[in-house]
Each structure stands twice: as C-alpha cells, then as structure tokens.
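> give me a model of this one.
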Amino acid sequence: MFDFCADPDLLERGRWLACYLTTPKHMMFYQSFGVVILLMLITAPVALGAGFLGALATRSHIAPLRWLGKFYTSIVRGVPDIAFFLFVPLALDQGLEYLRHKAKCPDWDAPIRQGSDFVVCAQAKLPLSSTPQVWHELYGVALAIVAFAFVFGAFSAFVLSGAMNAVPRAQLETAEAYGMSRRQVTRRILIPQMWAYALPGLSNLWMILIKATPLLFLLGVEDVVYWARELGGSKTSAYAYPHADWRLWYFLALLVFYLGVTRLSEIAFARLTRRLSRGQPTAQGMKEARKGAPA
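Here you go, the predicted model:
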C-alpha cells in the first residue's frame, strides 16, 4: 500500500509493521470482520421472522400446522447446533444441485450418488466453475445465513411463544368482548405487548449468535477465525514478512472485537428494554413507572 514497502528487508521496525499490516491478505482479514457483522445483521431478522412464524404455528387451531411448529422447535432444540450448522448447508446445496441436474441434464445416465461422492453435471454446479470467486464466497455466506437462521429461528420461536403466553389473558378476553376477531386480537393486542416479555430471551439469543459466528470457519467461509489462524501462524524467510507464531495476538484482537460487539449490544438492548417496558406489567415496566411517579 505504501511506496516504501517495495523491499521489506530494508525497512525499520515501524515501517515494516505498517507494510505488514496493509498486505492484501490483511485487507481480507479486515474485510472478514465486516462479513461477520453482515452475517449477524442479516441472520437476526431472518431468524426472528422464522421464529415468529413458528410461534404462531404452535398456537394455531389447525392441528397439522400446530404439529409442524412444535416439531420444528423441538427437533432443533433437541439436536446439537453444530449438527444443523453442518447439515443444513450441505443438504440445501445438494438439494439445489440435484434439482438443477434433473432440469439441465435429463440425459445423464450415471448415478448421482457414487459412494460418498455427490456427482452432478457441470451445468448443475452451484456456483458454476466459471463464476468469479466472489460469487463462490457469497454463496457460502448465503448457505451459512440459512443454517444460522434455521437454528436460531427455532430458539426464537420458543422465546416468542413463551412471550405470547405471558401476555395477561384478561387483556385478550377484554378485546374479544369488544368484538375483535381472533386475528385482530393477535395483531393489535397480543403481538404489540409480547415484545416486552420476549426481549430478555431475544437478547440472550443475539449474544449466542455473536458467539456462534466463529462456526463460519467450519462451513468453509474465510471468516475472522480463518484469517487469524492463517496470518498468525509462523512464517519462514520464504515469505515476504517472516515472523514467529503470532496467533496469540491475532486471537486477542478477536477477543477485543467480540467483547466490543457484546458491550454495544448490551447497551442497545438495555435502552430498547426500557422503551418497550413503559406501561407494561413487567418488572422493568414497574421500575420505569416508579421513576416517573411524582414524589
């Protein structure tokens, strides 16, 4: 990046470090922090939407829909998360390629399953081998988002379902007595009031999501953990910038990053909790009411 970086062997310590920290690989390392943040910002609303639908399904009067909602929340909560993080991207990737294979290569006569290998025609691969590398990386991130949303959607469904049950039944019955339909009661009374009860559980899920992002490394995405291990490992004189094992310092940087994101999240959720709890019969709502009461 700098003009004086042409020959690292002739650089003094300060300039050597400046050149080392601005190499193309380090730029990809810095970009990986953005990938992690983007993953969380996309996954959170998608998982919340899946959880909301799951929570409504568990309360449905339609038996098959209620069974589906309970099955979704129960199976994900009962199986280790890492199993779904590894299974969902693989199953989704192979499922999409299988459908493309049937559509684009109808004359293919070889078996798709060949032992432990999954073999489809070249036209059915996702992404195609001729696709630029950036699309391969985005595809991997998209599969990771689906996996994270699938898992955390089930947990958020359980949290939202509990929050819906925590809304005082008397308020719902009063709304029904005024002539509101079940759908109107759900939309105008139940959903607006459940957030005060759901927020503590959702904030915990957000914290768990933050801690789960290093699992991107297991899904083949070049995230912060991948680059910390890659750049921090010892480099011999065969490299432009040889150094000893510096993984400790790189992982300390990750520690600071995750602690910083966690602290900012705590502040944001605390403010959101105070706002949503105003006028609600919750512990936080009663606390806010006492603060606003005249002396």
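
> tell me which element residue 146 falls in.
If you go by DSSP states H and E, residue 146 is part of helix 133-166.

> same deal with residue 106?
Using DSSP H and E, residue 106 falls within no helix or strand.

> burial count for it?
Applying other C-beta atoms under 10 Å, we find 7 residues neighbouring residue 106. C-beta coordinates here come from the backbone N, C-alpha and C atoms, glycine included.

> contact partners for residue 201?
Residue 201 makes contact with 159, 162, 163, according to C-beta atoms under 8 Å, 6 or more residues apart in numbering.

> helix or strand for it, which one?
Counting by DSSP H and E, residue 201 is part of helix 191-212.

> packing partners for whichever helix or strand comes after that helix?
Sequence order places helix 224-232 as the next helix or strand after helix 191-212, per DSSP H and E. On a contact count with 3 or more C-beta pairs under 8 Å, 6 or more residues apart in numbering; DSSP states H and E, helix 224-232 meets helix 24-58, helix 247-276.

> just the angle between the longest one and helix 133-166, please?
Angle, helix 24-58 to helix 133-166, by axes from the mean of the first three to the mean of the last three C-alpha atoms, to 10 degrees: 30 degrees.

> show me which positions of helix 24-58 end up buried.
Buried positions in helix 24-58, judged by neighbour count with 16 or more other C-beta atoms under 10 Å: 26, 29, 32-33, 35-36, 39-40, 42-44, 46-48, 50-58.

> ok so, going back, I'd like the helices and strands packed on helix 224-232 written out as JSON lines, with mean pLDDT added.
Output for these, formatted as JSON lines (pLDDT from 0 to 100):
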{"stretch": "helix 24-58", "mean pLDDT": "89"}
{"stretch": "helix 247-276", "mean pLDDT": "90"}
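
> among the ones you listed, which is nearest residue 168?
Residue 168 sits nearest to helix 247-276 of all the helices and strands packed on helix 224-232, at 15.9 Å, using C-beta to C-beta.

> quick check: buried residues in the closest one?
For helix 247-276, the neighbour count (16+ other C-beta under 10 Å) marks 250, 254, 258, 261, 265, 269, 273, 276 as buried.

> low pLDDT regions in the protein?
Scanning the chain for pLDDT under 70 picks out 1-3, 278-295.

> I figured residue 51 hits residue 151, correct?
No. Counting by C-beta atoms under 8 Å, residue 151 is not a contact partner of residue 51; they are 10.6 Å apart.

> so the closest residue in space to residue 139 that isn't next to it in sequence, which state does it fall into?
Distance criterion C-beta to C-beta, 6 or more residues apart in numbering; nearest residue to residue 139, sequence neighbours excluded, is residue 127 at 5.4 Å. Three-state assignment for residue 127 (DSSP: H, G, I helix; E, B strand; the rest coil): coil.

> picking up where we left off before, in TSV: the contacts of residue 201, plus distance to residue 68 and neighbour count.
Shown next, in TSV, are these (distance: C-beta to C-beta, whole Å; neighbours: other C-beta atoms under 10 Å):
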residue	distance to residue 68	neighbour count
159	18	23
162	19	14
163	20	22
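
> closest to residue 100 among these?
Nearest to residue 100 out of the contacts of residue 201 is residue 159 (C-beta to C-beta; 36.6 Å).

> need phi/psi at residue 237.
Note on residue 237: backbone dihedrals following degrees, to the nearest 10 are phi -70, psi -10.

> alright, I will stop here.
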